[in-house]
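# Everything below, folded, please.
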Amino acid sequence: MGKLNALGKWGRVQKTIFILAACALLVSIATLSKFSTVRSFIVSDSFCNSHLNHETIPIRTQTQVRTTLRNVILKIQQEMKELKNSPEESPSSTLLRHSSFLGDILGLLELAQASLTSNEGNDLQQRNETGSAIHPLLKPEKQNSDPAEYFFIEEIRKYVRVKPNRLGKQNFMGANGTFTSIGHACFAMKSELEEYMEYDVGEMCNDDWKLGQKLMVHGCDPLPRRRCYARAPRLYMKPYSINESLWKLPDDRNVRWSGYKCKNFACLARNATGKGFFKCADCFNLSDHELPRWIKQGNLDPETNQTADFLIPDVLEIKPGEIRIGLDFSVGTGTFAARMREFNVTVVSATINLGAPFNEIIALRGLIPLYISINQRLPFFDNTLDLIHTTRFLDGWIDFVLLDFILYDWDRVLRPGGLLWIDSFFCLKEDLNDYLEIFKELRYRKHKWVVVPKKDKDEREVFFSAVLEKPPRPF
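Below is the predicted model of the structure:
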């Protein structure tokens with residue numbers, strides 16, 4: 001019986017090799033036919049004499065090659081399906097190897113088909129511009145707008161293609177298929193995206209988190225999913241309990257430190273330069289710098305007797321018992337969410353890893369990180385959040401139009417009566433009025449509104465803080 005199974009498997013391999021050889025022969029014959037000058041095999045003499053010249057022959061030949069390639073692709077797809085559904089007890093590794101090999105061949109043939117279609121369309125466009133008559137049978141099919149044809153790496157091609165429902169009808173979401181998407185800027189970063197998607201399926205991903213973040217902040221967001229295993233710390237230790245983790249630096253072994261200047265939390269907590277990031281330079285110092293924030297009153301400006309640092313109890317008193325869930329869109333280690341947790345308010349912390357493992361420390365503190373760039377629409381439904389807080393992020397670097405889009409998106413997810421807390425927004429004095437006008441356009445109710453000088457610069461900058469309430473807008 002073992003010999004019969006072996007012969008059966010060898011027969012399948014021979015069949016596969018035979019089909020591939022036949023396909024290669026067909027492609028070769030179709031390609032060589034491009035150099036043929038026997039016009040009678042292409043179109044009739046009467047039509048050629050009255051309507052065509054010699055320049056139309058390559059177009060017809062390209063059409064034939066494209067048709068042949070389509071047939072070859074269909075044959076390979078059928079063979080791959082038969083291999084997967086084979087009733088024989090073939091080893092899974094053999095089936096996977098053959099399927100992978102056929103998949104690679106299929107990808108190359110699809111690239112050739114797309115290239116021929118593109119060239120054919122360009123040639124016909126040139127002939128239309130010169131006024132040459134083209135027979136309807138020689139016109140190409142409609143240009144393929146499939147974004148998969150733009151890429152060469154098979155994984156990204158597979159990801160962006162529409163995935164039709166297997167049952168041939170709409171799914172429970174009301175769609176006939178699944179439309180996986182990528183950011184439009186991904187097409188401008190083709191080489192970086194293809195490097196990101198080049199891996200072995202089912203194996204470990206490359207250590208390329210910085211490449212992924214680079215794609216995100218340059219607009220290639222959302223990134224495609226991948227079929228490889230994300231790398232993890234080699235010795236991941238049990239995290240601290242929630243009562244201990246909020247105000248204690250995590251274990252260094254629970255973070256992958258590749259791509260950072262600092263290789264441990266002690267380095268990040270030190271008051272030193274060259275740590276790899278400049279936003280919230282002291283926010284890893286949980287015991288001294290972070291512990292009193294939003295709880296103890298900061299220094300008052302001697303001229304105005306005011307401060308841009310509002311306290312959490314004062315803000316929550318504006319809406320007693322109504323603030324339950326919120327979003328903190330900042331650069332930080334999750335201290336705002338940690339403090340709000342002490343007041344029974346659940347806050348999601350949105351940030352990216354700007355030179356330090358911000359998402360990791362937020363999670364290790366027992367809080368919820370949201371790895372998202374400023375380019376992306378918030379993943380929350382309309383009118384759902386009680387509070388949005390931001391600090392050390394939306395500053396004077398931001399474009400006016402971009403800020404407008406961001407604020408309107410925040411307005412979308414805030415519920416009527418929800419609070420928008422602008423915390424220590426700073427900019428140049430000459431830009432202040434322009435930024436304030438953008439905030440005023442929301443027509444929110446002002447509960448707190450403060451402008452004070454920023455003392456650590458040459459007094460050319462100012463701080464602006466506000467707590468604003470979204471109106472009901474019943475119409």
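
# mind checking how far Asp200 is from Ile153?
Look at Asp200 and Ile153: by CB to CB, to the nearest Å, they are 12 Å apart. Quick note: C-beta positions are derived from backbone N, CA and C, even for glycine.

# more neighbours, those two?
Set Asp200 next to Ile153 and count neighbours by other CB atoms under 10 Å: Ile153 wins out with 17 against 12.

# In what element of secondary structure is the residue lying closest to the more buried one once chain neighbours are set aside found?
Nearest non-adjacent residue to Ile153, counting by CB to CB, 6 or more residues apart in numbering: Glu194, 4.3 Å away. Using DSSP states H and E, Glu194 sits within helix 190-196.

# And the contacts of that helix?
Identification of contacts with helix 190-196 by CB atoms under 8 Å, 6 or more residues apart in numbering yields 150-153, 156, 182, 186, 208, 211-212, 214-215, 220, 223-224, 226.

# Just give me the closest of these to Leu235.
Distance to Leu235, by CB to CB, is smallest for Asp208 among those, at 21.5 Å.

# How about the contacts made by the closest one?
Contacts of Asp208 (CB under 8 Å, 6+ apart): 195-196.

# got the residue ranges for the helices in the stretch 351-475 of the chain?
Under the criterion DSSP state H, counting those that start in this stretch, helices of the stretch 351-475 of the chain are mapped to 358-364, 400-413, 432-440.

# in terms of contact count, name the helices or strands touching the first one.
For helix 358-364, the helices and strands in contact under the criterion 3 or more CB pairs under 8 Å, 6 or more residues apart in numbering; DSSP states H and E are strand 346-351, strand 368-371.

# State the mean pLDDT of the shortest one.
Same thing as strand 368-371. When pLDDT is averaged over strand 368-371, the result is 97.

# Partner strands of that strand and their direction?
If you go by DSSP bridges, strand 368-371 pairs up with strand 346-351 (parallel).

# Can you list the buried residues in the strand it pairs with?
Residues 347-351 are the ones in strand 346-351 that count as buried (16 or more other CB atoms under 10 Å).

# which of those residues lies closest to Val162?
Val162 has its nearest neighbour among the buried residues of strand 346-351 in Ala350, at 30.1 Å by CB to CB.

# Glu79 falls within a helix, correct?
Yes - the assignment for Glu79 is a helix, going by DSSP: H, G, I helix; E, B strand; the rest coil.

# what about it, neighbour count?
20.

# ok, Leu300 to Cys280 distance?
Applying CB to CB to Leu300 and Cys280 gives a distance of 22 Å.

# Between those two, which is the more surrounded one?
Cys280 (22 against 12).

# Format the helices of the stretch 351-475 of the chain as CSV; extra columns: mean pLDDT, mean neighbour count and distance to Arg253.
Listed next are the helices of the stretch 351-475 of the chain as CSV, based on pLDDT from 0 to 100; neighbours: other CB atoms under 10 Å; distance: least, CB to CB, whole Å:
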stretch, mean pLDDT, mean neighbour count, distance to Arg253
helix 358-364, 96, 22, 11
helix 400-413, 94, 15, 37
helix 432-440, 94, 15, 43
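
# Can you tell me which of these is nearest to Thr304?
Using CB to CB, the helices of the stretch 351-475 of the chain put helix 432-440 closest to Thr304, at 14.4 Å.

# same for the closest one, what does it pack against?
helix 400-413, strand 414-428, strand 461-469.

# would you turn those into CSV with distance to Thr384?
Shown next, in CSV, are the helices and strands packed on helix 432-440 (distance: least, CB to CB, whole Å):
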stretch, distance to Thr384
helix 400-413, 6
strand 414-428, 6
strand 461-469, 16
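
# wait, which of the ones you listed is closest to Ile295?
Across the helices and strands packed on helix 432-440, closest to Ile295 is strand 414-428 (CB to CB), at 13.9 Å.

# what about stretch 172-184, average pLDDT?
The predicted model assigns stretch 172-184 a mean pLDDT of 78.

# Output it in CSV with nothing but the alpha carbons.
The C-alpha trace of stretch 172-184 is given here as CSV (Å, rounded to 0.1, in the frame of the first residue of the first chain):
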residue,chain,number,x,y,z
PHE,A,172,-24.3,39.7,6.8
MET,A,173,-22.7,43.2,6.3
GLY,A,174,-24.5,43.6,3.0
ALA,A,175,-21.5,43.2,0.7
ASN,A,176,-20.7,40.7,-2.0
GLY,A,177,-17.1,40.5,-0.9
THR,A,178,-14.4,41.8,1.4
PHE,A,179,-12.6,45.0,0.3
THR,A,180,-9.2,45.1,2.1
SER,A,181,-7.7,48.6,1.8
ILE,A,182,-4.4,50.4,2.1
GLY,A,183,-3.7,54.1,2.3
HIS,A,184,-3.4,56.0,-1.0
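
# where does this protein dip in pLDDT?
1-65, 67-68, 83-146, 271, 273, 457 (pLDDT under 70).
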